[in-house]
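Asks: Predicted structure and sequence below. I'll ask about it afterward.
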Amino acid sequence: MSCSCSSTHRVKPYETCIFCAHKHIAAALALRDESSLVGQLILASWHYRDDFPEMEAACIECAERIERAEPYRDSLAALCIRAWQMVLDNQESKAVYAAKSADDPMPFAPDAVAAHRAVAAANALHHELNYRDINASVTIGQLIIAAWHFDEGHHELAVKCRECWQKIERLKSCREELEALQRTAWEAVKIKWTTGDTKR
């Protein structure tokens, strides 16, 4: 069995897919930019969330290590090996996982870390080769969530989130704007971990 993407179906960001999850983790392992690495881990966690909560938790735990500026490469490498083993095991079992959707609570509280995760996920989704169109709606949703988290403590970043999602709605590229927004959001995370203030 392979990824459940086919000519008639492309896996959506919240659908269970161990193949897509592994691809995001493998991409994270290859990255050196820690902010983008967090985005890939968040996307991988989404593909695990309904059927593999322990893998979802491992992805989040690794992202948290990165955000706290703790050593993470060994745990990321081990996570990638576990993800790859799941893919290999699936080749023999031919298991198919049903598509499910998940609803997250509406987050309005100021939180630089949650905002960065949403921006990093949006940027990763927007850059995913051949999936930009199918990912557009979720990308916009992640930018809205980021704007909610930024609004009180970083209103200017909330406005930039809105500018990006409006460009996506108009089917325009916002690669440069998303990359700049992600870099700025990452700086806010670094400040949060040095000061302990999530509103910064």
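Replies: All right, it came through fine.
Asks: what about residue 68, neighbour count?
Replies: Neighbours of residue 68 under the rule other C-beta atoms under 10 Å: 12. C-beta here means a position set from N, CA and C on the backbone, and glycine is covered the same way.
Asks: Next, the residue nearest to it when sequence neighbours are not counted: secondary structure please.
Replies: Among residues not flanking residue 68 along the chain, residue 193 sits closest, at 5.7 Å (C-beta to C-beta, 6 or more residues apart in numbering). Three-state call for residue 193 (DSSP: H, G, I helix; E, B strand; the rest coil): helix.
Asks: got the contact list for residue 193?
Replies: Taking C-beta atoms under 8 Å, 6 or more residues apart in numbering, we find residue 193 in contact with 67, 68, 69.
Asks: a markdown table for those, including pLDDT and secondary structure?
Replies: As requested, these are arranged in a markdown table below (pLDDT from 0 to 100; DSSP: H, G, I helix; E, B strand; the rest coil):
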| residue | pLDDT | secondary structure |
| --- | --- | --- |
| 67 | 93 | helix |
| 68 | 93 | coil |
| 69 | 93 | coil |
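Asks: of all those residues, which comes closest to residue 163?
Replies: Of all those, residue 163 sits closest to residue 67, with 25.1 Å by C-beta to C-beta.
Asks: Please, which helix or strand holds residue 159?
Replies: Element membership for residue 159 (DSSP states H and E) is helix 155-169.
Asks: Show me what that helix is packed against.
Replies: Packing partners of helix 155-169 (3 or more C-beta pairs under 8 Å, 6 or more residues apart in numbering; DSSP states H and E): helix 112-127, helix 132-151, helix 175-195.
Asks: Export stretch 19-29 to CSV, keeping only CA atoms.
Replies: Provided in CSV are the C-alpha atoms of stretch 19-29 (Å, rounded to 0.1, in the frame of the first residue of the first chain):
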residue,chain,number,x,y,z
PHE,A,19,2.8,8.2,4.7
CYS,A,20,2.1,12.0,4.6
ALA,A,21,3.1,12.2,8.3
HIS,A,22,6.4,10.4,7.6
LYS,A,23,7.1,12.8,4.7
HIS,A,24,6.7,15.8,7.0
ILE,A,25,8.9,14.3,9.6
ALA,A,26,11.6,13.3,7.1
ALA,A,27,11.4,16.9,5.7
ALA,A,28,11.8,18.2,9.3
LEU,A,29,14.9,16.0,9.8
